[in-house]
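Asks: Below are the sequence and a predicted model for it; my questions follow.
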Amino acid sequence: MGKVLSVLQRKANRFNVENRAHKVISREKPTPAPLHPSSKRELDKIERDHPNYLQDLQTKDLKLDERLKDVYVKSQDPLIANPLQSSEDRPLPLNRQPFQEPEFGFIEPTTIPRGRFTLRQAMKFITDYQGDPKVWSAAAIAKDYHLDKDALGKILHYYKTFEVYIPELKDRKGQPLFAQPTEPREQLETKKSDSEKL
C-alpha cells in the first residue's frame, strides 16, 4: 500500500510542473524574505541616527585616503634561534654520507640478549643447517647462539630459505645456470621416491 501512495504522490507533485515553473521564472523580482523583528529594529535605528549612511558609503573619504598614504609599515622578524645551526657546544657531524636503507628493513641492534637472535643470524643458521645438517646440527647451533634446543628444532623444521631451480634446456647450450639448488637433483628425486614408498 505504501508504494502505491508514494507513486500517486509523485504524480501529483509533477502535475503541471512546466506551467508552474514558467510562472515563477516570469516574475519581475523574487520577493525578499521577511526580516526578523530585531534586525528590523536595528535598521530603523540606523536610519534615524544616520539618514545618509548609504550615500556616505558610496562616496570617497579624502581624509582617510590621505592618512592611508602616510602610513608606512616596516616589519622586522624577531631573531629565532635555529636549532639546526651549529654552535661551539654542539659541532657538526663528521659523517656526512647519506643514510643507507638497512638490508632487512630495520636497524639491527648492536647488543643481543642471551637466548635471542637477529634476523640476519636466523637466516645464517637456517641456511647452514640446510646446507650441511651433519656439521650444523640443532645442538651445535643451539650451543653457538645460546638457544633452547626444542625451540630451535621447531624453527629448523618449519622455516626454510628459498631455493631457485632452473632446469637445463636443450635449446640453451653453453649458457650458464644462474642458481643451483643446495642439494643435488638426484638426491632430491631419491628422497621423493623414498617418501612415496612409505
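Replies: Cool, the structure landed.
Asks: got the CA coordinates for the one helix or strand L43 maps to in CSV?
Replies: Assigned by DSSP states H and E, L43 falls within helix 37-49. Extracted in CSV, the C-alpha atoms of helix 37-49 (Å, rounded to 0.1, in the frame of the first residue of the first chain):
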residue,chain,number,x,y,z
PRO,A,37,11.9,41.9,14.2
SER,A,38,15.2,42.5,16.0
SER,A,39,17.1,43.2,12.7
LYS,A,40,14.2,45.4,11.5
ARG,A,41,14.6,47.5,14.7
GLU,A,42,18.3,47.8,14.2
LEU,A,43,17.9,49.0,10.6
ASP,A,44,15.2,51.6,11.7
LYS,A,45,17.6,52.9,14.4
ILE,A,46,20.5,53.3,11.9
GLU,A,47,18.2,55.2,9.5
ARG,A,48,17.1,57.5,12.3
ASP,A,49,20.7,58.2,13.6
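Asks: Now it: buried residues?
Replies: When neighbours are counted by 16 or more other CB atoms under 10 Å, no buried residue of helix 37-49 is found. Yep, even glycine has a C-beta here, placed from its N, CA and C like the rest.
Asks: what's the domain layout of this structure?
Replies: If you go by automatic domain parsing, the domain ranges for the chain are 37-67, 114-192.
Asks: what's the distance between the spatially most central residue of the chain and N13?
Replies: If you average the C-alpha coordinates of the chain and look for the closest C-alpha using CA atoms, centre = their mean, you land on G105, 16.7 Å from that point. Taking CB to CB, to the nearest Å as the measure, G105 falls 63 Å from N13.
Asks: Could you give the secondary structure assignment for G105?
Replies: When states are read from DSSP: H, G, I helix; E, B strand; the rest coil, the local structure at G105 comes out as coil.
Asks: ok, now A140?
Replies: Judged by three-state DSSP, the three-state class of A140 is helix.
Asks: what do you get for Q76?
Replies: Secondary structure for Q76, judged by three-state DSSP, is coil.
Asks: For burial, what's the neighbour tally of it?
Replies: Number of residues near Q76 (other CB atoms under 10 Å) recorded here: 5.
Asks: Equivalent analysis for A139, please.
Replies: 11.
Asks: What of I155?
Replies: By other CB under 10 Å, the residues close to I155 number 18.
Asks: Return the list of helices and strands in contact with the helix or strand that contains it.
Replies: The secondary structure element spanning I155 is helix 149-158 (assigned by DSSP H and E). Applying 3 or more CB pairs under 8 Å, 6 or more residues apart in numbering; DSSP states H and E, one finds that helix 149-158 contacts helix 119-131, helix 138-145.
Asks: swap the cut-off to 6 Å and go again
Replies: Counting contacts by 3 or more CB pairs under 6 Å, 6 or more residues apart in numbering; DSSP states H and E, the secondary-structure elements packed against helix 149-158 are helix 138-145.
Asks: Run through the neighbouring helices and strands of the helix it packs on.
Replies: Helix 138-145 makes packing contacts with helix 149-158 when contacts are defined by 3+ CB pairs under 6 Å, 6+ apart.
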